[in-house]
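Peer 1: What follows is a predicted structure for the sequence shown.
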Amino acid sequence: MKQDIAGTTMFDGDQAQKGLALNRMCFSFNSAENRAAFMKDEEAYCRKYGLNEEQQAAIKARNVLQLIEAGGNVYYLAKFAGIFGLNVQDIGAQQTGMSVEDFKAKLVAAGR
Amino acid sequence: MARIIGGVATTHVPSIGKAIADKKYNDPYWKPFFSGFDYVHEWLAREKPDIAVFFYNDHGLNFFLDKLPTFAVGAAKEYRNEDEGWGIPVARPALGDQAFSWHLINALVADEFDITMCQDMLIDHAVTIPLELMWPGNWPVKIVPISINTVQHPLPSMARCLKLGRAVGRAIESYPQDLRVMVVGTGGLSHQLDGTRAGFINKEFDHLCLDKIVNEPDTLTRYSIHDVVALAGAQGVEFLNWMAMRGALTGQVSQAHRNYHIPISNTAAATIVLANEAQAARRAA
């Protein structure tokens, strides 16, 4: 994965190709009915959207960095996180290995 | 003829939608952001725009990544919002002005901007939240949404977005009806949601952008998209919407208002009002 800006993956053509099925599944989570169908049978839902093994494992692990590695775009991953009531501070904390409180404190500190 | 009265740019973070629904205007976390709209409300009450042209980016509501236009212009009678999947309330629809939209579309294509035209278009939080911030509870304007791809690279350059804005400005001013038109740029400023650099904010670069956009927007075109990602964060590229807004201000521009606050959600939040004194008015003076 190209990361010439540290800690940053450009969502470019390579990532877009890799992540098309995963992002398409997350796009479907705009609908409450689809969110419920995913919760009812997660594996079947992933199969229906044609996710590859890496993507299915990352979904199962609820691991945002792995999902990005597998081609996920963060705006679509946020729709997936939304199913579990997680916001962008929660996923920021997970990706940076911080507690949510520490991550929020880091944001506040950026203003000083 | 239509007149461009000025522009507003503001952050559009989804959680603002929740804060509005929960009426958190005076909550200590939110007050520094919401109080930045007191001036905006006075300005809008005084200037009374008929139409607001919005430059924004769609986050996976109207467009998916399979067919993603670089620039798309709405030409609908009404623009609806729908469930975006992250739990913010669905907003009321906004009204369009189809004749005005088609005038912009015709003028832009004649001006070599080969935009996508959308007779049906859902608007996401990047339009509905700024509308609700500017006119709480009641949106007295008709809108034209112009979406810019800030999501899937390659993105249009800072220079290209400034030029798009300038073409939109020329198109507005060639509309024969006497309408008062404002332009809006949404999103930003510095923020990053993804990767181990999540939470990145750059106050210094934001201040530079806020300073330069008023009267020296061309100096900002020296930053490549790669530079903007490095300096403003992966989602800080939403500043492209601000560049287009600024481009549409074709007259003498001055900053009427600026508010900047860190953080709202993961974002450095900013709101500006730029007044535009039209060329014709200056000539007459």
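Peer 2: Sure thing, it's come through.
Peer 1: From here on, just use CA atoms for contacts and neighbour counts.
Peer 2: OK.
Peer 1: Tell me how many other residues surround residue 47.
Peer 2: By default, I'm working from chain A. By other C-alpha atoms under 10 Å in any protein chain shown, 13 other residues sit near A:Arg47.
Peer 1: To clarify, I was referring to chain B.
Peer 2: 14.
Peer 1: for it, what are its contacts?
Peer 2: Counting by C-alpha atoms under 8 Å, 6 or more residues apart in numbering or on different chains, B:Glu47 touches B:Ile5.
Peer 1: what's the offset of stretch B:89-97 from the middle of its chain?
Peer 2: Distance of stretch B:89-97 from the chain centroid (C-alpha atoms, centre = their mean, to the nearest Å) equals 16 Å.
Peer 1: Pull it out as PDB, backbone CA atoms only.
Peer 2: Provided in PDB are the C-alpha atoms of stretch B:89-97 (Å, rounded to 0.1, in the frame of the first residue of the first chain):
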ATOM      1  CA  PRO B  89     -31.500  13.100  11.300                       C
ATOM      2  CA  VAL B  90     -32.800  13.300   7.700                       C
ATOM      3  CA  ALA B  91     -33.200  16.900   6.800                       C
ATOM      4  CA  ARG B  92     -36.100  18.600   5.000                       C
ATOM      5  CA  PRO B  93     -35.900  19.000   1.200                       C
ATOM      6  CA  ALA B  94     -34.400  22.100  -0.400                       C
ATOM      7  CA  LEU B  95     -36.000  23.900  -3.400                       C
ATOM      8  CA  GLY B  96     -34.200  24.300  -6.700                       C
ATOM      9  CA  ASP B  97     -34.600  26.800  -9.600                       C
END
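Peer 1: can you give me the helices for chain A?
Peer 2: If DSSP state H is used as the criterion, the helices of chain A fall at A:13-28, A:32-40, A:42-48, A:53-61, A:64-69, A:74-83, A:88-96, A:100-109.
Peer 1: next one: the second one to chain centre, how far?
Peer 2: Going by C-alpha atoms, centre = their mean, the spacing between the C-alpha centre of helix A:32-40 and its chain's C-alpha centre is 17 Å.
Peer 1: now that helix and helix A:13-28, what's the angle there?
Peer 2: 100 degrees (axes from the mean of the first three to the mean of the last three C-alpha atoms, to 10 degrees).
Peer 1: what angle sits between helix A:32-40 and helix A:74-83?
Peer 2: 70 degrees.
Peer 1: what's helix A:32-40 in contact with?
Peer 2: Contacts of helix A:32-40 (C-alpha under 8 Å, 6+ apart): A:Ser28, A:Phe29, A:Ala44, A:Tyr45, A:Cys46, A:Ile83, B:Gly85.
Peer 1: Buried members of those into ChimeraX, please.
Peer 2: Applying 16 or more other C-alpha atoms under 10 Å in any protein chain shown to the contacts of helix A:32-40, the buried members can be selected in ChimeraX as follows:
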select /A:28,29,45,46,83 /B:85
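Peer 1: Now for the contacts of helix A:32-40: which two are most distant?
Peer 2: Greatest spatial distance in the contacts of helix A:32-40: A:Ala44 and B:Gly85, 20.1 Å, computed using C-alpha to C-alpha.
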